[in-house]
Every structure is written in structure tokens, then in C-alpha cells.
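1. Got a predicted model here, sequence first, then my questions.
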Amino acid sequence: MLLAGGLLVAGCGGPRRPTIQSEDYDSGSGLAKKLRKILERRAAALKNGDEKGYLAALDMSNDELIRYEKRVFANLRQFELADVRYITESMFEQPKDGEVTAGPIVRVLKLTADAGPGDIAPGESFVYRVREDGDKVVVTDIIPVTMENREELGVTTSLADAPWHTDELTVVQVGKKVWLVGDESVTDLKRYADVAEQELRLVERLWGDRLTYPGHVLFFTRDRDNFKEWFSTGYSDNFNPRNQGYQVRLRGVQKNGLEYQNEYAASRIVVNLLDQQHSSPRFTIRHELTHAVTARATMTDYGDWGPPIWAIEGFARYAETVGAPTRAAEIRAQVAAGVRAGRFRGAPPSRKDFYGEDIHFNYALGSSVFSLAERLKGRDAAVELYARIIERPDSGSFFDLPIFDGMCKDILGISADAFKRRWAGFVRNGA
């Protein structure tokens, strides 16, 4: 499933808290200036692997805060960090009971796997609680901004809902481009790591020299709560706990900490292993790497109304068939079974219903579009058709759009109407 900005609602939230700005604040002195110095030191310590420096300004009597920050530090140090810095331009200050609540404080966190236009990077937001102790500032609490608390906190900047906030993670780097990440429920991460490099080469050959990110980060879990909570996937209207995984596109942040609406800087893949106990690690990895490798080329010009889900998931399922006739036969059998059950209605599955009760048939049906394109004009044509489709928003009847007619004529040498008829017959005959 394709999600944007952590979730499609990123950038929307409750009312902003009142900003209390004094002359000291505006001139860069006082509490705000001290807090910014702390943030600079924390950013440098995280990049340099200095846990003591990262924790130095925190209230050591707050055991929960220290445990949380140690966990985040240990998790993030397993990745390659390209940039870490904090943005406070939109920060408010609210004094109460001898402490000051300050936020949003946006941490820009760019991995070497990420790349945005103009070198923009994704961010995550926090609210800090601090108190002054003589000439020092002590951080008494750090609150990650999530879908659950953002309205109460009055924060509209990026969410801090990545897995490194919730669990102790194991990170395995495969080659120079892939990071596989598992929580405690994933004790067999090595099975997936063992096939990742070979599968990446296959997917990269398939994709060719088209646009992609420098690296790919995939998070694995068998924990239902984590699958729902990581990157707030469970807040999507069509969330399905049986889904194989989610592709999450992260927007870059501006200098004031607010997200760009149509500029993406990273992609994350969340993989649900709970319902894949008998699935081949090879095809699981290939499917998810297909999402990861092609994610950057996905259209970004139409806000949150993304390309057709049947194309995103269908192409990843189609990639599983490359050089794998047994897997191709299994997918054709799923199509045939769905046709016999009366699930085929002459069109690709809708965005609304894709992850519903016919989810497995819908994956297979989406793949049949590209299987037919390959049969008509070869594998390169199937890939090019996908690359063109994901540049366009889903209007609900994609096959009927003039732009699809142009794609079919240009790539396949037939009209969209002719392709649609051929595809319907192809599906009814078992794909």
C-alpha cells in the first residue's frame, strides 16, 4: 500500500498553541538560545556515536526518558546517518509550574538511503519540556509527536512514528544499498538478508536506469500492533492487517520545519511477516524491493492522490514471476480461481476495495496487466508501462483515460480499448 508523508493526513492537525515570544527569544538569547545549543550538541553526538553527549542535558532522574533516548540512540546508530540537525523556527514556548514546554522541535534525519530534490530531507517532530537550573537548561521530558497526540499538542509538523521510537531493532545492512530491520518478533531476519542482494540485482536490472533512491530501508515485524503503529499505517481508511506490507513515502521538510506538500525525500517499506509464515523469503524480498526501488519515480505532482494501487501492488507481484515459472503459475491460478468465483468485473480493482476481502485476488489481477504487456511486446514494455502509469494519479477508471490510450499506443502499439478487450479475455482464460 502506498502512503505519503507517514500518512495521507500529514500536515493537518489541531489548532496551534499560542506562541509566547519575548524580546530575548526574538534576539536569540534566553531559554530558546540555550535550548538550541543543546539540540546542536545532541545532533553532533548522534552523528558521532557519542551516547554520553546525546544524553548529557537530560534529567537523569526520569528513568523512562533515559530508557527511551538510549533505545532511539542505539537504533539510529545502526543506520548510516547522512545528516542530523534540529529546526526550531516554528517553536512555541509555554511556561507552567516552573517548566517550559517548547515545540515543535523538528529533527531532520537523513539516512544515506535518502535523497530529495535540492537535498531536502525528512523530519520528525517533538515537544520538549525543560527547566532552568541556574545557568543550565535541563530537559525533563521529550514527547514524540504522533497521530494520537498531535491535536492535543497543537503540532502540525512531521510525525515521530518511525519504528526506532517504539522497539529495540536489529539492523542488517546488505551490500551498500539495503538495510533490513526487524523488531523482537523477527528472529529469522538472516533468512531475508541472505537473498536480499541477489534479489536487488534482479529488480535493479528490471528497472534499468530509471529514477530510484540511493538505498532502501525495509522494516519487518510479526507484531500486529507494530504493523499498525509504525508510520501510522493503521490510521489509513483502507488499512488491512492482512496486507503484506506498506510503502511509505516521506516528505521533505522546509527550513521552518513544515513539510513540503509535493516534495518527497525518502521511502520506507513496512513488511508484515505474520501472515507469511509459509511464503518464500525470496519472493517476499523481491516484492518489497520492487516497491523500494521504484518508489522515487512515483508521481509527486498531485499531492496525496497517488497512482493506482492496482499498478503499485500488481507490478510488485508481477516482478515475483520474473525467471520464476512456478511462482507465475501460482499467480495465474489465483486469477483463475477469482474469475470462477465471480470476482472479475472487467476492470482493475478500485482503490477503495483493493485491500478488502478479495485482497489476494486483487494482487494477482493487478499483476496480469503487466503479464499481458510482456506477452504483447516483451518485458521492457511491461516495465515501461508501469513507469508511465505511476506518473499519473488514480481517477478511478484509469483504463478509460486518454492518457492511458496514449501509453498503450506508444508502448504496446494498440489502443487502450483494444488492450482492455485483450486483457479481459486474458484474465478470463486464466491469465
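-> That came through fine.
2. contacts and neighbour counts: CA atoms only from here.
-> Fine.
3. Assign the most centrally placed residue in the chain to helix, strand or coil.
-> Closest to where the C-alpha atoms of the chain average out (CA atoms, centre = their mean) is Val248, at 1.9 Å. Judged by DSSP: H, G, I helix; E, B strand; the rest coil, the three-state class of Val248 is strand.
4. Show the residue spans covered by the helices in the protein.
-> For the chain, applying DSSP state H gives helices covering 23-26, 30-48, 51-55, 63-76, 150-153, 189-207, 224-229, 281-294, 309-319, 325-340, 359-377, 379-389, 402-407, 416-428.
5. Tell me which of those helices sits nearest to Gln254.
-> helix 30-48 (17.7 Å; CA to CA).
6. distance of the nearest residue to Glu259 once chain neighbours are set aside from Asp119?
-> Nearest non-adjacent residue to Glu259, counting by CA to CA, 6 or more residues apart in numbering: Val253, 4.3 Å away. Separation of Val253 from Asp119 (CA to CA, to the nearest Å): 10 Å.
7. higher neighbour count, those two?
-> Val253 (25 against 10; other CA atoms under 10 Å).
8. wouldn't the more buried one be in contact with Gly123 here?
-> Yes: contact criterion CA atoms under 8 Å: Val253 and Gly123 qualify, at 6.1 Å.
9. what residues are shared contacts of the two?
-> Shared contacts of Val253 and Gly123 (CA atoms under 8 Å, 6 or more residues apart in numbering): Val108, Ser158.
10. Any stretches of the stretch 251-400 of the chain with poor pLDDT?
-> Within the stretch 251-400 of the chain, the ranges that satisfy pLDDT under 70 run 277-278, 299-305.
11. 50 instead?
-> 302-303 (pLDDT under 50).
12. nearest spatial neighbour of Phe354, skipping sequence neighbours?
-> Asn362 (6.1 Å).
13. Most distant residue from the centre of the protein?
-> Distance to centre of the chain, CA atoms, centre = their mean, peaks at Gly134 (43.1 Å).
14. Spit out the contact partners of the residue lying closest to Gly98 once chain neighbours are set aside.
-> Computed as CA to CA, 6+ apart, the closest residue to Gly98 that is not its neighbour in sequence is Arg131, at 6.7 Å. Taking CA under 8 Å, 6+ apart, we find Arg131 in contact with Gly98, Glu99, Val100, Val137, Val138, Val139, Thr140.
15. what separates the third one from Pro144, distance-wise?
-> When CA to CA is the yardstick, Val100 and Pro144 sit 16 Å from each other.
16. so Arg392 touches Gly306, yeah?
-> Yes: counting by CA under 8 Å, Arg392 touches Gly306, with 7.4 Å between them.
17. quick one on the thing from earlier: now for the residue nearest to Phe354, how many residues are close by?
-> Asn362 has 27 nearby residues by other CA under 10 Å.
18. Show the contacting residues for the closest residue to Phe426 other than its chain neighbours.
-> Leaving aside its chain neighbours, Phe426 sits nearest to Leu372 (7.3 Å; criterion: CA to CA, 6+ apart). Counting by CA under 8 Å, 6+ apart, Leu372 touches Ala382, Trp423, Phe426, Ala431.
19. Make a PyMOL selection of the buried ones in those residues.
-> The PyMOL command for the buried members of the contacts of Leu372 (criterion: 16 or more other CA atoms under 10 Å) is given here:
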select buried, resi 382+423+431
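20. Walking through the stretch 1-150 of the chain, point out its strands one by one.
-> In the stretch 1-150 of the chain, the segments counted as strands under DSSP state E, counting those that start in this stretch are 2-4, 81-87, 92-96, 99-111, 123-133, 136-144.
21. Kindly calculate the angle that the third one makes with strand 99-111.
-> Right, the one you point to is strand 92-96. Interaxial angle of strand 92-96 relative to strand 99-111 (axes from the mean of the first three to the mean of the last three CA atoms, to 10 degrees): 140 degrees.
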